[in-house]
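Asks: this is a predicted model, with the sequence first.
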Amino acid sequence: ATVASAADAYDIAVVPKGTTHEFWKSIHAGTIKAQRELAAAGIPVNIIWKGPLKEDDREQQIQVVENFIGRRVDGIVLAPLDHKALVAPVETAVRGRIPVVIIDSGLNSRAIASFVATDNREGGRIAARNLGRLLGGKGNVIMLRYATGSNSTEEREAGFVEVMQRDFPAIRLLSTDQHAGPTRDTAKRAAENLLSRYGAQLNGAFASNESAAAGMLLALRDAGLAGKVRYVAFDSSETLNAGLRAGDIDGLVVQNPLNMGYLGVKTIVAVLRGEKAPARIDTGVGYLTRDNLGDPALADIVNPPLDLYLK
């Protein structure tokens, strides 16, 4: 059913990388916002939200996508855990005339209808520029990566290293090859290892996603380095915003996950209605500090209205 009659709702499967982090809850809220707006315009949509339990379970995410293909949903909105591993199931869906919009993190495929995401490389560059400035262009820095194969965070990490090496030659990158893994706990362990090795000579740190950032924050606090080591991270959450207010985090590069979920659903429905979608939709990136945390323009990012959409 490519063209739905009024009684026929579009079944849209939305498959995040995981379901526990605040980031994904904001994306979920955005999909509901789009659903309500479309319903008000007389376009009924069912959102079926299902992701892997763990944010490193490629097999489970592949299975979720394959199950949705088997159920013959009308369209899929996917945040791929791995830019290669999810290519085959996505191309199977598209061959079966189920269009796919990719959100958040890239996929190595031309079969997709559109890619709705942050300019992650630019986000990494913003982090490096700000950390470099905070350090006055000198000192020792560590970067905590997220996970191998995750395109969004690999782009951030590449942008960070690129600017550090090019614009701040007097800053030494002590470690750039450690991965935080899927949870805040795995991230905290990885950060603790880095701090026990480099803590005494450390001036700055960068972590590339919400869970890595929260783990690093906890490790810095435990080591008595919070507020002493200049710390810039990626993403916003209650924990990270509180760290910013406390002065334990200097800045957060923030995405707009609510907008990402919203535009993901709006785009897939436009495609199903025969419209041409832009190949790339940039959902924007900002930089939060203690000074602009209360800015009303950033309210959707700092305090996404989850209760409004996720009852």
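Replies: Alright, I've got the coordinates. Numbering: from 1, shown residues only.
Asks: measure stretch 78-88 end to end?
Replies: 13 Å (C-alpha to C-alpha, to the nearest Å).
Asks: oh, that last question was meant for stretch 82-102, not what I typed.
Replies: Using C-alpha to C-alpha, the two ends of stretch 82-102 sit 12 Å apart.
Asks: and stretch 116-124, by the same measure?
Replies: Using C-alpha to C-alpha, one end of stretch 116-124 lies 18 Å from the other.
Asks: can I take it that residue 14 is in a helix?
Replies: No. The assignment for residue 14, made by DSSP: H, G, I helix; E, B strand; the rest coil, is strand rather than a helix.
Asks: which strand residues bridge it?
Replies: When assigned by DSSP bridges, residue 14 has beta-bridge partners residue 49, residue 77.
Asks: burial of residue 166, as a residue count?
Replies: Residue 166: 10 surrounding residues under other C-beta atoms under 10 Å. C-betas here are computed from N, CA, C, even on glycine.
Asks: which SS class is it?
Replies: Here residue 166 is helix, with the state taken from three-state DSSP.
Asks: any idea how far it lies from residue 198?
Replies: According to C-beta to C-beta, to the nearest Å, residue 166 and residue 198 sit 23 Å apart.
Asks: what's the answer for residue 274, then?
Replies: Distance of residue 274 to residue 198, given as C-beta to C-beta: 56 Å.
Asks: who has more neighbours out of these two?
Replies: Neighbour count, other C-beta under 10 Å: between residue 274 and residue 198, residue 198 has more, with 16 against 8.
Asks: quick one, what contacts the closest residue to residue 69 other than its chain neighbours?
Replies: Nearest residue to residue 69, sequence neighbours excluded (C-beta to C-beta, 6 or more residues apart in numbering): residue 93, at 5.0 Å. Applying C-beta atoms under 8 Å, 6 or more residues apart in numbering to residue 93 gives the contacts 65, 68-69, 76, 99-100.
Asks: could you pull out the helices for the protein?
Replies: 22-40, 58-70, 87-95, 120-134, 151-167, 184-198, 210-222, 238-246, 257-272, 299-302, 306-309 (DSSP state H).
Asks: tilt between the longest strand that the chain contains and helix 184-198?
Replies: Assignment by DSSP state E gives strand 171-179 as the longest strand of the chain. Here strand 171-179 runs at an angle of 140 degrees relative to helix 184-198 (axes from the mean of the first three to the mean of the last three C-alpha atoms, to 10 degrees).
Asks: in its sheet, what does strand 171-179 sit against?
Replies: strand 139-145 (parallel).
Asks: got the contact list for the partner strand?
Replies: 131, 135, 153-154, 157, 160-161, 164, 170-180, 187, 190-191, 194, 198, 201-208, 212, 215-216, 230.
Asks: what about that strand, average pLDDT?
Replies: Mean pLDDT, strand 139-145: 98.
Asks: list the buried ones in stretch 166-173?
Replies: 168, 171, 173 (16 or more other C-beta atoms under 10 Å).
Asks: thought the last one was touching residue 160?
Replies: It stands for residue 173. No. Taking contacts as C-beta atoms under 8 Å, residue 173 lies outside contact range of residue 160: 9.2 Å.
Asks: spatially central residue in the protein, please.
Replies: residue 104 (5.4 Å; C-alpha atoms, centre = their mean).
Asks: run through the residues that contact that one.
Replies: Residues near residue 104 by C-beta under 8 Å, 6+ apart: 16-17, 27, 79, 116-118, 152, 257, 260.
Asks: hmm, 10 Å instead?
Replies: 16-17, 23-24, 27, 77-80, 115-118, 120, 150-152, 255, 257, 260-261, 264, 283 (C-beta atoms under 10 Å, 6 or more residues apart in numbering).
Asks: quick check: buried residues in the worst-scoring helix or strand of the chain on mean pLDDT?
Replies: Using mean pLDDT, DSSP states H and E, helix 299-302 stands out as the lowest-scoring helix or strand of the chain, at a mean of 87. Neighbour-count burial for helix 299-302, counted by 16+ other C-beta under 10 Å, picks out 300-302.
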